[in-house]
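Trainee: Mind folding the following:
(2 chains)
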Amino acid sequence: MSRPRSPFAPVVTRSALAALLAATALPAAAADLSVVSGPVGRDNEVLRQNLDRFEEMTGHSVEIVEMPSSTTDQFAQYRLWLSARNADIDVYRTDIVWAPQLASHFVDLKDAAGDAAGDHFESIIQSQTVDGRLIAMPMFTDAPALYYRKDLLEKYGLDVPETWDAMAEAARTIQQGEREAGMADFHGYVFQGAAYEGLTCDALEWVKSFGGGQIVSPEGEITINNPKAAEALDTVAAWIGDISPEGVLAYKEEESRGVWQTGKAAFMRNWPYAWALGQGDDSAVKDKFAIAPLPSGGDGSAATLGGWNLAVSKYSENQEAAIELVMFLSGEEAQKTRAIELTRLPTLKGLYDDPEVAEAQPSIPQWKEIFLNTVPRPSAPTTTNYNEVSKEFWDAVHATLSGERPAEASLKRLDARLTRLKGSGW
Amino acid sequence: MTSRPAPPAASRSALRAQRLRSAAMFLAPMLAVLAFVAGWPLARTIWFSLTDASLGDLAGAQWIGLNNYLEWFDYGDGDGEYFGLLADPGWWNAVGNTLRFALVTVSVETVLGMAIALVLNADFPGRGWVRAAVLIPWAIPTIVSAKMWAWMLNDQFGIINDVGMRLGLLSAPVAWIASGDTALIAVMIVDIWKTTPFMALLILAGLQMIPRDIYEAARIDGVHPVRVFWKITLPLVAPALIVATIFRGLDALRVFDIVYVLTPNNQQTTTMSVFAQQNLFQFDKFAYGSAASTLLFLVIAFITIGYIKAARLDLTGGGR
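Mentor: Numbers count the residues shown, from 1 in each chain, chains lettered A, B, ... in the order given. Next up is the predicted model:
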């Protein structure tokens, strides 16, 4: 042997090369990024404001790729793009429940986030951590509330309802009164009843608040087939055509807000974004409404934990700039803008005590209380099967609400289908 | 069997061989393109339907035979259950919806299309404008028209309920696309509105091929117009009509966009394509979705072949 080979030689060369590349690449680092976002309400308008600010600070340019607002539609498209290793999209705005299903396509943000992760609510960071990898940074969190008309409750001498029965009763009284007063198309209560992910959220709240569990327990057991859950669904089914219009079975967030904001409903279940829009100048309910935690069915109030996050695609060609963008959009300045402009709930604990936020949106501290009562959808125990579990659940609920199948039969069928889907394990 | 008279000389067969060769050469590029854009994807879909592929890991697909179609799952105690597409009520529900949708829409579109074509075939002032105007629904992208109809059919803000209420036809607003009874009907109405012009156009083209002198002869003989329609127009336009219904039938059997926009995820309107899309992209069941796509292909192929046979349609271009 004339020349002993150093085992480090190749490594040294490669890292030297990398350093050289980095040194030459860095100065010209103005990247063109695209972020894909399915907005509700004015989301993308404010996102654009944030992006303008980001462009100013960094010299990168960012384009928004707009998507439909239905989370179910977005997911199918994103999955397709990611599976095709699409390099056109750098940053994805992701629903809180998608993390386990899409984790393998996203970059680990743990190092980039560093200590910043600790400033967010721990449960949210937890939900975005899959196998020890932090796959998305929270943008805002979501928890629904019961929107009610202050003026109408006062007019009919009613209290803010704390149970579903009291809510239905109040809704009936107001609906009857308003219809007699000439508003023929006035409704007591609107919510999201279309067959899509939103119905899963609404129905999980009913079932949970009646003490019927969370569809699938955190340990992965299927718990949905129980009398409390059936009672919850039968209760809601009786509202259709009574205090809720039959059309609610095709309503998503924006349709229910449409009815509410034109002053045609006494109560509405919706996410925080509806607050800022309801307070807009073109709103018929401006200054006439307030929020309360969703009513209880006997086992306390339950609000489905929602929220949106930002993830960086593994297939992006500008990962560093994309990570920079995600950190900026999940950071304090951007979250504060969203809280003030859109009542999107911050995930940074500190912002709830921020005087400017409290001044501009006095409802924010109230949302914190609701946020603390949230229940997660069973996306963690069901992992890659979550979407199908959710679809089976909303199908079963939709069938009951539309009067096709009573709750008991519907849940029995659901139980069988989930058992079959689960097989020997999720 | 008696054979034809043998070719007189070897030169004749050489010519024939040369012709065959050049025919093959002319056809080759087209066949290659077809194999590439139609054959290859189809073969891949069929292959995936026989594996356990998932969208996240297509390369790691393992052969599992026909289990996506039908599989006996033994619980281990002698008892068991059938799994797979052929045992999935969701799939059969989708098949039923699709067939109902195709049958109703194509029939109604044919009748309406024929009526419109007969009107457009007549001479009247401004005919060119009317022909152009009739085509507008067909020219609007399906997604746009479906969304437009979704708003028109909306129970709170929709113009259809508003007009119906004002005219006293409806006592209360109907939630057309929400309620189970009307959802499929609403989808059908939108599809009929959209594709009748297409049907009318194809039939009109057929009508214009009919020689005028036959009609003149009929008029001179004093044949009643209704009889003229049944005895002259219909038989002569039939080939065009059958081709048009095949086009529409194929289209209707793979309907996706209208349903997806108008009533997404609603079981009452789930069609075979929507079912396949859900499994392929929304759920983690790429192989199962591929199996659904394969069956969708087979169902359409059989129906089309059966229809062509039943109509005794000669697609080879010869005959008669």
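Trainee: only C-alpha atoms for contact and neighbour calcs from this point on.
Mentor: Will do.
Trainee: Tell me which helix or strand the closest residue to chain B within the stretch 1-150 of chain A sits in.
Mentor: In the stretch 1-150 of chain A, no residue comes nearer to chain B than A:Ala76, which is 4.9 Å away by Cα to the nearest Cα. Taking DSSP states H and E as the definition, A:Ala76 sits inside helix A:71-83.
Trainee: Neighbouring strands - and their directions - for the helix or strand following that helix?
Mentor: Later in the chain than helix A:71-83, the nearest helix or strand by DSSP H and E is strand A:91-95. Within its sheet, strand A:91-95 is paired with strand A:32-37 (parallel), strand A:306-312 (antiparallel), according to DSSP bridges.
Trainee: For the first one, give me every contacting residue.
Mentor: Taking Cα atoms under 8 Å, 6 or more residues apart in numbering or on different chains as the criterion, the residues outside strand A:32-37 that touch it are A:44, A:60-67, A:88-93, A:318, A:321-322.
Trainee: In PDB, could you pull the C-alpha coordinates for it?
Mentor: Listed next in PDB are the C-alpha coordinates belonging to strand A:32-37 (Å, rounded to 0.1, in the frame of the first residue of the first chain):
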ATOM      1  CA  ASP A  32     -39.300  33.800  -5.900                       C
ATOM      2  CA  LEU A  33     -41.600  31.900  -3.600                       C
ATOM      3  CA  SER A  34     -45.200  30.800  -3.800                       C
ATOM      4  CA  VAL A  35     -47.400  30.100  -0.900                       C
ATOM      5  CA  VAL A  36     -50.700  28.300  -1.500                       C
ATOM      6  CA  SER A  37     -53.600  29.300   0.700                       C
END
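Trainee: going on from it, what's the next piece of helix or strand?
Mentor: Following strand A:32-37 toward the C-terminus (DSSP H and E): helix A:43-58.
Trainee: go on, the longest one?
Mentor: Once strand A:306-312 ends, the next helix or strand along the chain (criterion: DSSP H and E) is helix A:319-329.
Trainee: Identify each buried residue in that next one, please.
Mentor: Neighbour counts over helix A:319-329 (16 or more other Cα atoms under 10 Å in any protein chain shown) mark A:Gln319, A:Ala321, A:Ala322, A:Ile323, A:Leu325, A:Val326, A:Met327, A:Phe328, A:Leu329 as buried.
Trainee: If the residue lying closest to the fourth one once chain neighbours are set aside is in a bridge, with which residues?
Mentor: Distances taken as Cα to Cα, 6 or more residues apart in numbering or on different chains put A:Val312 closest to A:Ile323, at 6.5 Å, once the chain neighbours are dropped. Taking DSSP bridges, one obtains A:Val91 as the residues bridged to A:Val312.
Trainee: Would you mind giving me the confidence score for B:Ala115?
Mentor: Looking at B:Ala115, its pLDDT stands at 93.
Trainee: which ones are touching it?
Mentor: Neighbours of B:Ala115 in contact, by Cα under 8 Å, 6+ apart: B:Ala200.
Trainee: returning to that earlier point: using neighbour counts, trim the contacts of strand A:32-37 to the buried set.
Mentor: Neighbour-count burial (16+ other Cα under 10 Å) is assigned, among these, to A:44, A:60-62, A:64, A:88-93, A:318, A:321-322.
Trainee: pLDDT weak spots in chain B?
Mentor: When residues are selected by pLDDT under 70, those of chain B lie in B:1-10, B:74-80, B:313-320.
Trainee: how close does the nearest residue to B:Ala59 once chain neighbours are set aside sit to chain A?
Mentor: In space, and not counting its chain neighbours, B:Ala59 is closest to B:Ala53: 7.8 Å by Cα to Cα, 6+ apart. B:Ala53 sits 12 Å away from chain A, going by Cα to the nearest Cα, to the nearest Å.
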